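Asker: Below: sequence and its predicted model.
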Amino acid sequence: MLATATAAAAPDGAFRTRWDGRRAVAVESKADIALPTHCDLAVVGAGWGGAYLAWRLAVDTDYVAANRTCVFEANGRVGGRVYSVHDLPHFGDLAVDVGGYRFQESQLLPAQLVWKALELPTTCYDYGCQAECEGPQNCYVVKDAYGNNAGYATPIERMLGELEAKGGPGTQTYFGVRLEALSAAPLVGPRATRLHFAGGASVTASRVLLNLPGNAVAALSNSSVIFDSKSEKKILESVSTFSMNKVYAWYDDAWWNTKIGMMEGYFHGGMDRAAPLYGRYHDGPQRCLIGHDTA
């Protein structure tokens, strides 16, 4: 079960200790979470968009006070569709990204945020671009100081960690709180909103950002203030989805390197079928063990 209070977090790996890097952690009851009564800015959903907005307004621009900014997350982890898994057996400090994991230079928001604002180390994802490693279409992944895969959730952890560090004790991202409905709160302010969470807890907010997937929006109570006869269909259609399963296979020996001398490789199987299969040999982190064998 997650801790419900924390001291000012370091803006880096210390934030990760707040959640289990291998699985979502369920909070057993709302009595386990001491939610604030009011937030000047409430962000629902600790994915890329939610973390960035909270960081941008409360840390980067000081538009709202960091200690009056709240981030609520239904799961026991940050990232949303970005899911960096840590502490896997045999992987040491490597992270495996089972969701989103790379960005292109032409994608200005993640690229400029990672490189300029957060100053995180990166490397080319495709081995073929290592020689030049430049160009708007090249893909990049986040690395640690030793060149190992750090996980694409690292920028999110950094932004939320900086938010907590700036806000001081009591400022935190609240895990395991699922939004069920939104209602007007006229006694608090003309544009204030009350957030109703599963289990009966509620919080008022002067401003609200919903960084939610389509299924989470659809699951909100029909009485929520964001829904009316004109807006409901538009809100749900604004989120596009497609089905995909991502699978990793782990090898003791990176055979495409050691046996056939390939630094990268691809395979295709039945791409014209209802369940096509597409893969890359170099899609996961790789470690060279010095002295493991003669190679």
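Answerer: Perfect, I can see it now.

Asker: so where's the stretch 1-150 of the chain uncertain?
Answerer: For the stretch 1-150 of the chain, the stretches flagged by pLDDT under 70 are 1-33, 126-135.

Asker: Can you give me the end-to-end span of stretch 90-104?
Answerer: The first residue of stretch 90-104 is 30 Å away from its last residue (CA to CA, to the nearest Å).

Asker: measure H90 to V96 for me?
Answerer: To V96, H90 is 11 Å away according to CB to CB, to the nearest Å. (Glycine included, C-beta is placed from N, CA and C.)

Asker: In the stretch 101-250 of the chain, mark out all the strands, start to finish.
Answerer: Listed in chain order, the strands of the stretch 101-250 of the chain (DSSP state E, counting those that start in this stretch) span 103-104, 122-124, 139-142, 173-175, 179-184, 193-197, 202-210.

Asker: Strand partners (parallel or antiparallel) of the fifth one?
Answerer: It stands for strand 179-184. Strand pairing for strand 179-184, determined by DSSP bridges: strand 193-197 (antiparallel).

Asker: now the fourth one
Answerer: Strands that pair with strand 173-175, judged by DSSP bridges, come out as strand 69-73 (parallel).

Asker: Tell me which of H90 and V96 has more neighbours.
Answerer: Of the pair H90 and V96, V96 is the one with more neighbours under other CB atoms under 10 Å, namely 20 against 8.

Asker: Not counting residues beside it along the chain, what's closest to the more buried one?
Answerer: With sequence-adjacent residues excluded and distances taken as CB to CB, 6 or more residues apart in numbering, V96 is closest to V85, at 4.8 Å.

Asker: you'd agree the one you found is up against A95?
Answerer: Yes: counting by CB atoms under 8 Å, V85 touches A95, with 6.5 Å between them.

Asker: list the helices and strands the longest helix along the chain packs on?
Answerer: What stands out as the longest helix in the chain, according to DSSP state H, is helix 154-167. Secondary-structure packing of helix 154-167 (3 or more CB pairs under 8 Å, 6 or more residues apart in numbering; DSSP states H and E): helix 48-55, strand 69-73, strand 173-175.

Asker: and that helix, how far from the chain's centre?
Answerer: Counting by CA atoms, centre = their mean, to the nearest Å, helix 154-167 is centred 12 Å from the centre of its parent chain.

Asker: what's the angle from that helix to helix 48-55?
Answerer: Computed by axes from the mean of the first three to the mean of the last three CA atoms, to 10 degrees, the angle separating helix 154-167 from helix 48-55 equals 30 degrees.

Asker: What pLDDT is listed against M271?
Answerer: If you check M271, the pLDDT there is 65.

Asker: residues in contact with the most centrally placed residue in the chain?
Answerer: Centroid-nearest residue in the chain: G79, 1.5 Å away (criterion: CA atoms, centre = their mean). G79 is in contact with 46-48, 99, 152-153, 156, counting by CB atoms under 8 Å, 6 or more residues apart in numbering.

Asker: so which of those is the most crowded?
Answerer: Using other CB under 10 Å as the neighbour criterion, A153 leads the contacts of G79 with 30 neighbours.

Asker: Look at V85 and A95 and report which has more neighbours.
Answerer: Comparing V85 with A95 by other CB under 10 Å, the one with more neighbours is A95, at 28 against 20.
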